[in-house]
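> Show me the folded form of this:
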Amino acid sequence: MSQKRKVTLYFNAAMLAETQKEALRQDRSISWIIQAAWRIARDEVKRMPGALAQGGGVAAGGGTGVPEDPRAAPVSDA
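Coordinates of the predicted model:
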């Protein structure tokens, strides 16, 4: 059985709006849409070079290699 854990993700306003629109279109939750997108994109993301492989240190933005956008909006799956 899968363990559920609450997390907070931040998306810019345009990406959040697009995700919400797709969730409504498919009559699914935002969480379901994000999880499905991850399953589809996982192999492609794994092919990207890691921050540690490039410079020996952790990149800005929490170690994800992706800079944080201060304008990003939190995802609410209400």
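> For the rest of this, base every contact and every neighbour count on C-alpha atoms.
Fine.
> Tell me which residues of stretch 5-21 come out buried.
For stretch 5-21, burial by neighbour count (16 or more other C-alpha atoms under 10 Å) applies to 10-11, 16, 19-20.
> Which parts of this structure are strands?
10-11, 73-74 (DSSP state E).
> May I have the strands that pair with the first one, each with its orientation?
Strand 10-11 sits in its sheet next to strand 73-74 (antiparallel), going by DSSP bridges.
> Quick one: mean pLDDT for the strand it pairs with?
In this model, strand 73-74 has a mean pLDDT of 58.
> could I get stretch 16-25 in CSV with only the CA atoms?
Taking C-alpha atoms only, stretch 16-25 is exported to CSV below (Å, rounded to 0.1, in the frame of the first residue of the first chain):
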residue,chain,number,x,y,z
LEU,A,16,-0.4,26.4,-11.8
ALA,A,17,-3.3,27.7,-13.9
GLU,A,18,-2.5,25.2,-16.7
THR,A,19,-2.4,22.3,-14.1
GLN,A,20,-5.7,23.4,-12.6
LYS,A,21,-7.3,23.6,-16.0
GLU,A,22,-6.1,20.1,-16.9
ALA,A,23,-7.3,18.7,-13.5
LEU,A,24,-10.8,20.2,-14.2
ARG,A,25,-10.7,18.8,-17.8
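> Going forward, count from 613.
Okay, residue one is now 613; in that scheme the one you just asked about reads as stretch 628-637.
> pLDDT-wise, which helix or strand of the protein ranks last?
Sorting the helices and strands of the chain by mean pLDDT, DSSP states H and E puts strand 685-686 at the bottom, at a mean of 58.
> Averaged pLDDT, stretch 628-640. What do you get?
Taken as a whole, stretch 628-640 has a mean pLDDT of 97.
> what's the answer for stretch 660-669, then?
Across stretch 660-669, pLDDT averages out at 70.
> and residue 661, what does it touch?
Under the criterion of C-alpha atoms under 8 Å, 6 or more residues apart in numbering, residue 661 has no neighbours.
> where's it relative to residue 618, distance?
According to C-alpha to C-alpha, to the nearest Å, residue 661 and residue 618 sit 28 Å apart.
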